[in-house]
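In: next one to model:
(4 chains)
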There are 2 protein chains.
Amino acid sequence: MLRLSKKTDYGLLALQYLATDAPAGGASARAIAERYGIPAELLAKVLQHLARLGFVAAQKGVHGGYHLARPARTISLAEIVEAIDGPLAITACGRHEEPCEQFGACTVRDPLARIKDRITSVLQTMTLAELTDEEQTIPIVVRGRGEADARLEAR
Amino acid sequence: MLRLSKKTDYGLLALQYLATDAPAGGASARAIAERYGIPAELLAKVLQHLARLGFVAAQKGVHGGYHLARPARTISLAEIVEAIDGPLAITACGRHEEPCEQFGACTVRDPLARIKDRITSVLQTMTLAELTDEEQTIPIVVRGRGEADARLEAR
DNA sequence: TAATATAGGACTAATCAGGTCGGAGTTGGG
DNA sequence: CCCAACTCCGACCTGATTAGTCCTATATTA
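Out: Model (predicted):
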């Protein structure tokens, strides 16, 4: 269904919280989890993973917790999604490796790759900082051919 | 991982084939499956589903098979994906139903909904007919703010 | 030293995609 | 007219992926 995993959802929530609402010293995984009503131990894992990859910095001990290790406006959603869910791909057959077995006859590979690129660029263009902004005035302009356009404009 | 299911892959292949390469009278599920080296019975199921939804028409019997029931240029990829994979949603919490339980505190819902809309519009803009076209000159123009843009342009 | 925090592995449970099986309808040859 | 081949049809099963839990180790502070 073209869905992000829940881990990614949780990761986005936590990062967005750390980027805006969190107290200066950061926040513990447990505190964030309680704030949003999500499983603490699962969020902890996600944050550990994000810490290993350099998105957040961890502080052990009694008043420890996590805080952002990079400015929110330098972190794209694509990075976050890839960090948690792995490299984002629309189709099962990854671009180069796994030559898709008998799919030498595959006639939709290239068009789908283009679709993937466009979706990727949507995610690359939005940063963690923008995730909170109310005023989202970014229009999407896509020029296509065929009758589907008319349907799109009619909405 | 933001992935389409294999069913959708198979469905796209089959529809694209029916739209362009198939003989006039249509083609059987088995024939298409052999053409692309995919499980015949699985593709059959996908085609059955597409038949119920009016994308293709089925003809039983000895020289039966499927043929497109609508012009290829009136079928958007979004329609196909939704038909097979279900309503496309980025997050687990569907827009209106399932108020996300304790996610009244969810601060990323609206931004993610916008992301979803953009991805949806990418899929809505491309039709089955365009899936085959070689000359794909559709540029994507997205204006954003913040430093992520610079990174994007640098590619 | 006791309490609290992250680190990280192993384990279980649930969900879903992928694949399979038998049945029902349609056509065409004998 | 009837049988056999071919096709669609719909329910079932299974295995992989995901979500979530548990336990232990390590570090830090009061």
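
In: longest helix anywhere in chain A?
Out: helix A:109-125 (DSSP state H).

In: in chain A, what residue comes closest to DNA strand D?
Out: DNA strand D sits closest to residue A:61 of chain A, with a gap of 2.7 Å, by Cβ to the nearest atom of the strand. No exception for glycine: its C-beta is placed from N, CA and C like everyone else's.

In: let's verify that residue: helix, strand, or coil?
Out: coil (DSSP: H, G, I helix; E, B strand; the rest coil).

In: in contact with it, which residues?
Out: Listed by Cβ atoms under 8 Å, 6 or more residues apart in numbering or on different chains, the contact set of residue A:61 is empty.

In: could you check the pLDDT of it?
Out: Listed pLDDT for residue A:61 reads 92.

In: which SSE is the residue most central in space within chain A in?
Out: Using Cα atoms, centre = their mean, the residue of chain A that lies closest to the mean C-alpha position is residue A:81, 3.0 Å off. Using DSSP states H and E, residue A:81 sits in helix A:77-85.

In: what helices and strands are in contact with that helix?
Out: helix A:6-20, helix A:40-52, helix A:109-125 (3 or more Cβ pairs under 8 Å, 6 or more residues apart in numbering or on different chains; DSSP states H and E).

In: isn't residue A:132 right up against residue A:17?
Out: No. When contacts are counted by Cβ atoms under 8 Å, residue A:132 is not listed as touching residue A:17 (9.8 Å).

In: name the residue in the two with the higher neighbour count.
Out: residue A:17 (20 against 16; other Cβ atoms under 10 Å in any protein chain shown).

In: so what's the more buried one closest to, chain neighbours aside?
Out: In this structure, residue A:17 finds its nearest non-sequential neighbour in residue A:32, 5.7 Å apart by Cβ to Cβ, 6 or more residues apart in numbering or on different chains.

In: residues in contact with the one you found?
Out: Contact analysis of residue A:32 by Cβ under 8 Å, 6+ apart lists A:13-14, A:17-18, A:22, A:43, A:47, A:66.

In: and it, that one's in a helix?
Out: Yes. The assignment for residue A:32 is a helix, going by three-state DSSP.

In: so how far is residue A:23 from it?
Out: Distance, residue A:32 to residue A:23, by Cβ to Cβ, to the nearest Å: 11 Å.

In: count the residues that sit near the residue lying closest to residue A:49 once chain neighbours are set aside.
Out: Nearest residue to residue A:49 in three dimensions, chain neighbours excluded: residue A:84, at 6.8 Å (Cβ to Cβ, 6+ apart). The number of residues packed near residue A:84 is 22, by other Cβ under 10 Å.

In: ok now do residue A:84, which residues does it touch?
Out: With Cβ under 8 Å, 6+ apart, residue A:84 has these contacts: A:5, A:7-8, A:11, A:46, A:49-50.

In: please redo it, this time with the cut-off set to 7 Å
Out: Neighbouring residues of residue A:84 by Cβ atoms under 7 Å, 6 or more residues apart in numbering or on different chains: A:7-8, A:11, A:46, A:49.

In: quick one on the thing from earlier: want to throw the contacts of residue A:32 into TSV with distance to DNA strand C?
Out: Supplementary listing: the contacts of residue A:32 in TSV, determined by distance: Cβ to the nearest atom of the strand, whole Å:
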residue	distance to DNA strand C
A:13	15
A:14	10
A:17	12
A:18	11
A:22	11
A:43	9
A:47	6
A:66	6
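
In: quick one: which of these is nearest to residue B:116?
Out: Comparing the contacts of residue A:32 against residue B:116 with Cβ to Cβ places residue A:13 closest, at 16.1 Å.

In: save the helices and strands packed on helix A:77-85 as CSV, and put in mean pLDDT and distance to residue B:39 too.
Out: Formatted as CSV, these follow (pLDDT from 0 to 100; distance: least, Cβ to Cβ, whole Å):
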stretch, mean pLDDT, distance to residue B:39
helix A:6-20, 95, 30
helix A:40-52, 97, 35
helix A:109-125, 91, 19
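
In: now those helices in a markdown table, with distance to residue B:117?
Out: Output for those, formatted as a markdown table (distance: least, Cβ to Cβ, whole Å):
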| stretch | distance to residue B:117 |
| --- | --- |
| helix A:6-20 | 17 |
| helix A:40-52 | 26 |
| helix A:109-125 | 10 |
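
In: most tightly surrounded among those?
Out: Highest mean neighbour count of those: helix A:6-20, a mean of 21 (counted as mean count of other Cβ atoms under 10 Å in any protein chain shown).
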